[in-house]
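Participant: predicted model follows, preceded by the sequence.
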Amino acid sequence: MVHQKSFSPKIGTATQIFDRRQVPLPRRTVFVWITVILFGNYLLTIVKHATPSLSLSRLLTDSVSVSLFQYMAWFAVFRLLVRSDPKPLGDLRDFCVSIALCLLIFLPADKMIWVVGLGFGTYLWFCNSGDHELNAAGVVLGGLAVQAFLGPIFFNLLAAPLLSAETAVMGTILAATRTGTVWHNNIITGPDGFGIVIYSGCSSFHNLSLALLVWLTFAKLRNPDWQRGDLARGLVIGASMILLNWCRLYMMALNVDLYDFWHDGTGTEIFEIAAAILVLFLSLWQMKLRAGET
């Protein structure tokens, strides 16, 4: 009597084979092209905001007005992707995620590019297969999306207590140096009756996310791995930006002439240049420290 071996398909094994099926492209190439599409839509958004006037001067002005630090973050993402391992091939999961993200970009929403950027950055972070450069690219891209999209949302949600706390700090400093200064909520009034109201756009926390993005960009460009002193150096950069803006707020609260100079006049440009130089200097400083720790 011949016994025939029964055959039963192993669904789990078939599924694993399907998940591991590769596409004839390196993962790095797939991820670079997704980033190119993201960055292209980022530039198209700038062009869109330049309409209906499509003059070259207007377009260049709008392009330059976008923070140069964001361009630096985009450069870091591309640089880290190019430095990643070119050997591993992409699989169906990479391909399907890439197609889905590309389709989401074209949804009619102004901030959709940042939603996709955050999703893609998260994917690179968790699905990098041990490639530290891909992980770092995901972190920087996620940081860019947080700074441009989630940061303002979180700030608006916490604006009331943050502005009250900042007003309390500035009011206390001014009261200690100018007798008769009083403050309430987000209003500071001097002894001569002149006062200022601290709104969200003037808050020291308004540009904090941008300073932290620069810290993250330079840190990951130098070394894709986190190091022991990174958090402390990020706190130093953030605190320096807050202190610099407090100096500006202090000058604005002294009298109307100083307010006009620092809020609407040449002082605004001086502050922006000083803030950019400070952040760049501290970021280069942290790169030097990180080099000594490797």
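Facilitator: It's in.
Participant: what's the distance between the spatially most central residue of the chain and Asn245?
Facilitator: Against the mean C-alpha coordinate of the chain, by CA atoms, centre = their mean, the closest residue is Leu144 at 2.8 Å. Leu144 is 22 Å from Asn245, where distance means CB to CB, to the nearest Å. C-betas here are computed from N, CA, C, even on glycine.
Participant: same check on Leu158?
Facilitator: 17 Å.
Participant: helix or strand: which one has Pro24?
Facilitator: Element membership for Pro24, per DSSP states H and E: strand 22-26.
Participant: just the CA trace of the next helix-or-strand element following that strand, in PDB.
Facilitator: Using DSSP H and E, the helix or strand that follows strand 22-26 in sequence is helix 27-49. The C-alpha trace of helix 27-49 is given here as PDB (Å, rounded to 0.1, in the frame of the first residue of the first chain):
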ATOM      1  CA  ARG A  27      16.500  51.300  -1.700                       C
ATOM      2  CA  ARG A  28      18.700  54.400  -1.800                       C
ATOM      3  CA  THR A  29      17.500  55.200  -5.300                       C
ATOM      4  CA  VAL A  30      13.900  54.900  -4.400                       C
ATOM      5  CA  PHE A  31      14.300  57.100  -1.300                       C
ATOM      6  CA  VAL A  32      16.200  59.700  -3.200                       C
ATOM      7  CA  TRP A  33      13.500  60.000  -5.900                       C
ATOM      8  CA  ILE A  34      10.800  60.300  -3.200                       C
ATOM      9  CA  THR A  35      12.800  63.200  -1.700                       C
ATOM     10  CA  VAL A  36      13.300  64.800  -5.100                       C
ATOM     11  CA  ILE A  37       9.500  64.700  -5.500                       C
ATOM     12  CA  LEU A  38       9.000  66.200  -2.100                       C
ATOM     13  CA  PHE A  39      11.500  69.000  -2.600                       C
ATOM     14  CA  GLY A  40      10.100  69.700  -6.100                       C
ATOM     15  CA  ASN A  41       6.700  70.200  -4.500                       C
ATOM     16  CA  TYR A  42       8.200  72.400  -1.900                       C
ATOM     17  CA  LEU A  43       9.600  74.700  -4.600                       C
ATOM     18  CA  LEU A  44       6.300  74.600  -6.500                       C
ATOM     19  CA  THR A  45       4.600  75.900  -3.300                       C
ATOM     20  CA  ILE A  46       6.900  78.900  -3.300                       C
ATOM     21  CA  VAL A  47       6.200  79.500  -7.000                       C
ATOM     22  CA  LYS A  48       2.400  79.200  -6.200                       C
ATOM     23  CA  HIS A  49       2.600  81.800  -3.500                       C
END
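Participant: I'd like the average pLDDT over helix 27-49.
Facilitator: Across helix 27-49, pLDDT averages out at 86.
Participant: mind listing what's buried along that helix?
Facilitator: Within helix 27-49, the residues that count as buried by 16 or more other CB atoms under 10 Å are 27-28, 30-32, 34-35, 37-39, 41-42, 45.
Participant: what about Ala175, distance to Val182?
Facilitator: Ala175 is 7 Å from Val182, by CB to CB.
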